[in-house]
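Chemist: Need coordinates for the below:
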Amino acid sequence: MKIHIVSLSHKEGKLLNSIVTKGSHPARVFQRAQILLKANRGLKDEVIAEHLECTPQHAGRIRKRYCTGGLEHALYDAKRSGKPRTFQKEDETRIVALACTKAPEGRSHWTGELLAEEAARRKIVKKISKQKIWLIMKQHDLKPWREKNVVHSKADR
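Modeler: Below is the predicted model of the structure:
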C-alpha cells in the first residue's frame, strides 16, 4: 500500500500540463512534472519509472516530496547556500580604485602581483591572488598593466 498518494488539484494539473507541453523548462522539472501527472493517474512507481526511464525510487521520492511539501517542493530543488563571497563588492571597488592610481615609485604601470601586494598592505583584503586581481580587472574592462595611468583626472593634465 502506498503511503504517499498524489492527488492533484485542477489548477496543479493545468500547471503541470503546461510545463510538459509548452515553453522550455529544465529537464529535471519536466521529468518531475511527468512523474506527478502519471502518479495522479494512479500508476505505480515501477510503471512510471519504465515510461520515463528513471528508477522507481526516484518516482517515489518525487511523490513523497509532493505529499510532504507541495507542488513547488516536488518540482524545484531548494536553494543552496553555496560558497560565501570571499571579497565584498566594496573590496573589489577599492581594488579597482587602487588600479586607477599612479603606479608605485620606480614602476611604469601596475601588475597583478603589485596590486595584490598593495591591497594587502593597505588592508583592503587580507590576501588576494594575482589571478583574482586579473578577474576583477577583466570584469571592469581595465588593463592597468598596459597603460601608465588608467584613469586620468583633471589634476593630472
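Chemist: how close does residue 30 get to residue 18?
Modeler: 11 Å (Cβ to Cβ, to the nearest Å). C-beta: built from backbone N, CA, C; applies to glycine.
Chemist: same question for stretch 141-155, mean pLDDT?
Modeler: For stretch 141-155, mean pLDDT is 61.
Chemist: Need the phi and psi values for the spatially most central residue of the chain.
Modeler: Geometric centre of the chain, nearest residue: residue 82, 8.2 Å, by Cα atoms, centre = their mean. Main-chain torsions, residue 82, degrees, to the nearest 10: phi 70, psi 180.
Chemist: swap in the one 4 residues further on?
Modeler: Residue 86 has phi and psi values of phi -80, psi -40 when expressed as degrees, to the nearest 10.
Chemist: Counting neighbours, what do you get for it?
Modeler: Residue 86: 11 surrounding residues under other Cβ atoms under 10 Å.
Chemist: Helices of the protein, start to end?
Modeler: For the chain, helices defined by DSSP state H occupy the ranges 10-21, 27-40, 45-52, 56-69, 71-75, 89-99, 112-121, 130-139.
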